[in-house]
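Trainee: predicted model and sequence below, questions to follow.
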Amino acid sequence: MNNNVTTDSTLPSERQAGVCLHLTSLPGQFGIGEIGDAAIAFVDSMVRMNLRVWQFLPTGPTAYGDSPYQPLSTFANNEMLIDIATLTRESMVTSDEADSLRHLPAGHVDYGELVPLKKRILERVAGRFRSLATSAAKAEFDGFVEQHNSVWLHDYALYRVIKRLHKELPWLDWQTEYAQRDEKALRKIETDYGREIEDIKIIQSLFDRQWRRLHEYAADHGVILFGDLPIYIALDSADAWANRDLLCLENNGKPSHVAGVPPDYFSEHGQLWGNPVYDWHAHAATGYRWWIDRMRAAAAFSDIVRIDHFRGFEAYWSVPAAASTAQTGKWEPGPGDAIFDALRQQLEHLPIVAEDLGVITPEVEALRDRHQIPGMKVLQFEVGNDDFDLAWIHDNCVCYTGTHDNDTTAGWFAGSPDDQRSHAEILKTRKKVLEMTNGSPKTIHADLFKLACSTEARLAIAPMQDFLGLGSDARLNTPGTLGNNWRWRLTAEQLTPGIMASVADNIGTSGRSRSD
């Protein structure tokens, strides 16, 4: 564990500043952000900018829609993030193969073209690993398999192979013997497709090796890695396929109830996410073993972990699966204290931050506070409130300008075409934020971050787009929409020495300088 995180608190003991930049958004020449050279270089840039915490989104393998919040596994990692340059230096990728990716755009991710190209390259890499890897590398792979096979790795590899045999259809649409995990059918897959199963395990081990290098480099340079964990899992995932008894599923595998949120100011029909909800009684009967495994893996992967939709642990909105909107749902009790008590008994440290945005009840706040879990404050949501006071933002929280689900600060200030606020509300918010920051429209991105830094929050974070002052065209995600999300990328030319010096100076004057 990074020694910048104290054992009695999730957040750094001193007030610090950080950046949110998803790994896919890193610059690079191979079509998508990768966890090798570009990530190492970004850590160096963070040091120059006085930033101490790097927050990123979930790193699981994505599917249709490319959302990191609907991964095919909560344990596996996205092979698209594996660094091609590192594999080229290790003679695992040829120069021609690397060149085949260089025509891809630098400013955004073209998933449709990237994924099949890089998959073919990685399949060849797995084959070369068998013949080219050193005995030490093969021993490292054997150790990786031994450590993870029984918890998730073998089920994940089986799932991906069978899914490929069914033309990538969801597991509910597979032949019955595979969907229902018939032992004889699975053993035949293991026999007939043993090489393909091992390929997937090799690729996951390569990600793990590259990630450990990045994690160690970040720790050596005083940078804390801040990951993200969706509370729910996707129905079409290895986790759901292998752990049906932990979810509210019918005998045919279809969910009886799905997750969402009730109607609110932003949505008159609520939000219907479609994820299966947990059978919390089944989890309790196992002592929350699956969650302990999940959190142990997340805590080993990064130094801090944000849990998305924390309020679902106190009570969750359960909607009948046949419903067309979330309006017909109802609140059901979550596991409450029991799950956190179980996690604390099994894990040395519980380094989590609660995503506690939206309509949060006193019961949710009490659950969070009983376990001393930091929460979140997002200035784009807060400053428009008539009675907002900076004193609301206490020390045990993370204060953001905006998150990956928000418009950029410049876009939010201007009011983009799809803004849900009325024109009058936008004008009112502009006036209020200019008064609070004593800033200007031209510098509002920096002014709002200075405001975040001025709070008592031990950690202030802005998305990379806000440090650059980018507009709505650099937005990463617009909730409730399909297409054109999760695509934005930073380019090497954007992060100039002047911008880095300006960010470092602003953080220095805020009293949040790095203390190395």
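Mentor: Thanks, I have the structure now. Residues are numbered from 1 along each chain as shown.

Trainee: give me the distance from stretch 488-507 to the chain's centre.
Mentor: 23 Å (Cα atoms, centre = their mean, to the nearest Å).

Trainee: residues contacting that stretch, please?
Mentor: Identification of contacts with stretch 488-507 by Cβ atoms under 8 Å, 6 or more residues apart in numbering yields 17, 21, 24-27, 32-33, 45, 48-51, 106-109, 446, 449-450, 453, 464-465, 467-468, 474-476, 513. For glycine as for every other residue, the C-beta is placed from the backbone atoms N, C-alpha and C.

Trainee: from the residues you listed, which would you call buried?
Mentor: 17, 21, 24-27, 32-33, 45, 49-51, 108-109, 446, 449-450, 453, 464-465, 467-468, 474-476, 513 (16 or more other Cβ atoms under 10 Å).

Trainee: and the longest helix anywhere in the chain, what does it pack against?
Mentor: Secondary structure assigned by DSSP state H gives helix 194-220 as the longest helix of the chain. In this structure, helix 194-220 makes packing contacts with helix 37-48, helix 111-132, helix 135-148, helix 154-165, strand 224-230, judged by 3 or more Cβ pairs under 8 Å, 6 or more residues apart in numbering; DSSP states H and E.

Trainee: and E97, that's in a strand?
Mentor: No - counting by DSSP: H, G, I helix; E, B strand; the rest coil, E97 is not part of a strand but helix.

Trainee: now the longest helix of the chain: buried residues?
Mentor: Using 16+ other Cβ under 10 Å as the test for burial, helix 194-220 gives 196-208, 210-211, 213-215, 218-219.

Trainee: kindly report the same for stretch 467-485.
Mentor: 467-472, 474-478, 485.

Trainee: CSV for the residues you listed, including distance to L249?
Mentor: Compiled in CSV, these are given as follows (distance: Cβ to Cβ, whole Å):
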residue, distance to L249
F467, 44
L468, 44
G469, 47
L470, 42
G471, 44
S472, 40
A474, 39
R475, 35
L476, 32
N477, 28
T478, 30
N485, 28
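
Trainee: need these in JSON lines with pLDDT and distance to V398, can you?
Mentor: Putting the buried residues of stretch 467-485 into JSON lines (pLDDT from 0 to 100; distance: Cβ to Cβ, whole Å) gives the following:
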{"residue": "F467", "pLDDT": "98", "distance to V398": "16"}
{"residue": "L468", "pLDDT": "98", "distance to V398": "21"}
{"residue": "G469", "pLDDT": "97", "distance to V398": "22"}
{"residue": "L470", "pLDDT": "98", "distance to V398": "22"}
{"residue": "G471", "pLDDT": "96", "distance to V398": "24"}
{"residue": "S472", "pLDDT": "95", "distance to V398": "24"}
{"residue": "A474", "pLDDT": "97", "distance to V398": "22"}
{"residue": "R475", "pLDDT": "96", "distance to V398": "20"}
{"residue": "L476", "pLDDT": "97", "distance to V398": "18"}
{"residue": "N477", "pLDDT": "95", "distance to V398": "19"}
{"residue": "T478", "pLDDT": "91", "distance to V398": "22"}
{"residue": "N485", "pLDDT": "96", "distance to V398": "23"}
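
Trainee: restricted to helices, list the residues you listed.
Mentor: 467-468.

Trainee: quick revisit: quick check: mean pLDDT across the longest helix of the chain?
Mentor: Average pLDDT, helix 194-220: 98.

Trainee: and the angle from that helix to helix 135-148?
Mentor: 90 degrees (axes from the mean of the first three to the mean of the last three Cα atoms, to 10 degrees).

Trainee: related to what we said a few turns ago, TSV for the helices and strands packed on helix 194-220, including distance to G402?
Mentor: Rendered in TSV, the data for those read as follows (distance: least, Cβ to Cβ, whole Å):
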stretch	distance to G402
helix 37-48	19
helix 111-132	24
helix 135-148	35
helix 154-165	33
strand 224-230	15
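
Trainee: between these, which gets nearest to P441?
Mentor: helix 37-48 (27.1 Å; Cβ to Cβ).

Trainee: give the next helix or strand downstream of the closest one.
Mentor: strand 53-55 (DSSP states H and E).

Trainee: okay, now the sheet partners of that next one, with direction.
Mentor: Strand 53-55 has the following strand partners under DSSP bridges: strand 16-20 (parallel), strand 224-230 (parallel).

Trainee: and among the ones you listed, the most buried is which?
Mentor: Stretch with highest mean neighbour count among the strands paired with strand 53-55: strand 16-20 (a mean of 25; mean count of other Cβ atoms under 10 Å).

Trainee: what about the closest residue to H257 other than its chain neighbours? Give its phi and psi, please.
Mentor: Spatial nearest neighbour of H257, excluding adjacent residues (Cβ to Cβ, 6 or more residues apart in numbering): S318 at 4.6 Å. Phi and psi for S318, reported as degrees, to the nearest 10, are phi -110, psi 120.

Trainee: I84 and L101 touch, don't they?
Mentor: Yes - applying Cβ atoms under 8 Å, one finds I84 in contact with L101, separated by 6.5 Å.

Trainee: okay, those two: which has more neighbours?
Mentor: Shown here are I84 and L101; by other Cβ atoms under 10 Å, I84 has more neighbours (26 against 19).

Trainee: ok, the more buried one - contacts?
Mentor: 30, 34, 36, 93, 98, 101, 118, 121.

Trainee: lovely, talk soon.
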